[in-house]
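> Sequence and predicted model, in that order:
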Amino acid sequence: MNNSLSYSGAPDISRTGVLTALAKCLARNEYNDQLTLLALIDLHNFSQINQRFGYAIGDRILAELQERLTDVPNNPLCCRRVDGDKFALIISPLMNRQLVPLVAKKIFDQLSRLFFVDNQAAAIEGSIGFAAAGSPEGIVASAETMLQNAEAAAKKAHQAGQPYHLGEVSAPQQAHHQIALKQKIARALANNSFELFYQPQISLHNGRPCGAEALIRWNQHSYSVSPEQLVMLIEQSGRMDDFFYWTINTAVREAAQWSEHRISTAVNLSASCLQSPQLFDTIESSLNLWGADPALLCIEVTESTIQQDLNQGLQTLKRIKQLGVTIAIDDFGTGYSSLEYFKFIPADKLKIDKSFVLNMRNNQIDLDIVKLILDWGLRFQMETIAEGVEDAESLALLTQLGCTYAQGFLISKAMPASEFRQWLDSNPVTALSEPPS
């Protein structure tokens, strides 16, 4: 940047322009499941800038600030001044609300750069208020409401001495959100918009396929929803029982395509499903409906899921186990493991969370945790499955340590049922390299 401002005049104040652009964005994203983010930048000390340099220079600083802010996103939909010392920035599409800190950092990077007036440095400070609407959260809002929420969030950030704040959803907005979300999930279930992908699991004894984990996908070409987000949305919609009914029946039906391979198909169980009185009947009826071998079905449940209602959860799992279904404890080691209840869980397998597997070759603590879980599995006569295996060295190390099974990108990504069947028919054998010395 030059040592003097090269801009003349201040950006026009146009609250109406921001609302018009925001309304158009919200209307467009209503049908393509994208998240709209509004950032309201509220400057704190700009009256001091005007007093020191004069209003003409102050206007030129505001003009340059607007120029800088337009560089924050790759393609800002709108960046306008909405008040004397406030700017609004519309960013869309945004994948999820977890990216807000990154957006805030980019804005503060621009605010923290000095402005130079006749070789004199001028610094400005500000707070940012964020408001979000649209999917994947499904929060519905009007343009006016979003701007009001962002302004209130900026004020709250300033009062709390925080750099930014993400505005909360009001009760009416949340109610509208819940209604819209339930309708969307209901349509997806009715239209069979969900799909299961299958990620292979191999035996570390011989490298051959031994199972597959069923992972949910939502067929939306205009927006990508992660499995974690999707499960969260379904939980919020109150349709988890219907969703699990679809999932278990789809998994059992599609697994019949590769029944001759005699591999296990794993289905994840959420906390609300484990507490559902229909769970046992749903699993039993799906097995009977498709004539499936219960021994080839695995139900995966996390420690935290069991702990939400320990007594009911354990009783339900015992009934499922009596059907001949396999039980696996998923993401083992990430919860609060306790022998007090662990000894009562009718589990056959322990799944080692990928967060430990990914770093075990470079982090002694993670390696020790992996060894501890493997030893725990051995002592309790449980098979062990390592998730997140992405390189041959990790695969060889797990083999050396005595892990039973593995899954991860090294073996294969998750695939649709037809593609997974082809993968199985090719009879792949993963080359197990020599264990490291």
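All right, it came through fine. Numbering: from 1, shown residues only.

> those helices in the stretch 201-350 of the chain, which residues are they?
Along the stretch 201-350 of the chain, counting by DSSP state H, counting those that start in this stretch, helices occupy 227-237, 240-255, 271-274, 279-290, 303-307, 310-322, 339-342.

> could you check the angle helix 240-255 makes with the fourth one?
Following axes from the mean of the first three to the mean of the last three C-alpha atoms, to 10 degrees, one obtains 30 degrees for the angle between helix 279-290 and helix 240-255.

> before we move on, the earlier item: as JSON lines, the helices of the stretch 201-350 of the chain with mean pLDDT would be great.
What follows is the helices of the stretch 201-350 of the chain, written out as JSON lines (pLDDT from 0 to 100):
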{"stretch": "helix 227-237", "mean pLDDT": "74"}
{"stretch": "helix 240-255", "mean pLDDT": "94"}
{"stretch": "helix 271-274", "mean pLDDT": "83"}
{"stretch": "helix 279-290", "mean pLDDT": "95"}
{"stretch": "helix 303-307", "mean pLDDT": "74"}
{"stretch": "helix 310-322", "mean pLDDT": "89"}
{"stretch": "helix 339-342", "mean pLDDT": "68"}
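
> and residue 123, how far is that from residue 418?
Remark: distance between residue 123 and residue 418 (C-beta to C-beta, to the nearest Å) = 60 Å. Bear in mind the C-beta positions are built from the backbone N, C-alpha and C, glycine included.

> Residue 132 bridge partners, please.
Per DSSP bridges, the residues bridged to residue 132 are residue 37.

> That one reaches residue 97, doesn't it?
Yes. Shown here, residue 132 and residue 97 form a contact pair, counting by C-beta atoms under 8 Å, at 5.6 Å.

> low-confidence ranges in the stretch 251-400 of the chain?
Applying pLDDT under 70 to the stretch 251-400 of the chain picks out residues 308-309, 333-341.

> circling back: make CSV from the helices of the stretch 201-350 of the chain and add mean neighbour count to it.
Shown next, in CSV, are the helices of the stretch 201-350 of the chain (neighbours: other C-beta atoms under 10 Å):
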stretch, mean neighbour count
helix 227-237, 18
helix 240-255, 20
helix 271-274, 20
helix 279-290, 17
helix 303-307, 18
helix 310-322, 16
helix 339-342, 12
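
> and stretch 392-403, which residues are buried?
Residues of stretch 392-403 classed as buried by neighbour count (16 or more other C-beta atoms under 10 Å): 394, 395, 396, 397, 398, 399, 401, 403.

> List just the nearest of the residues you listed to residue 324.
The nearest member of those to residue 324, counting by C-beta to C-beta, is residue 403 at 24.8 Å.
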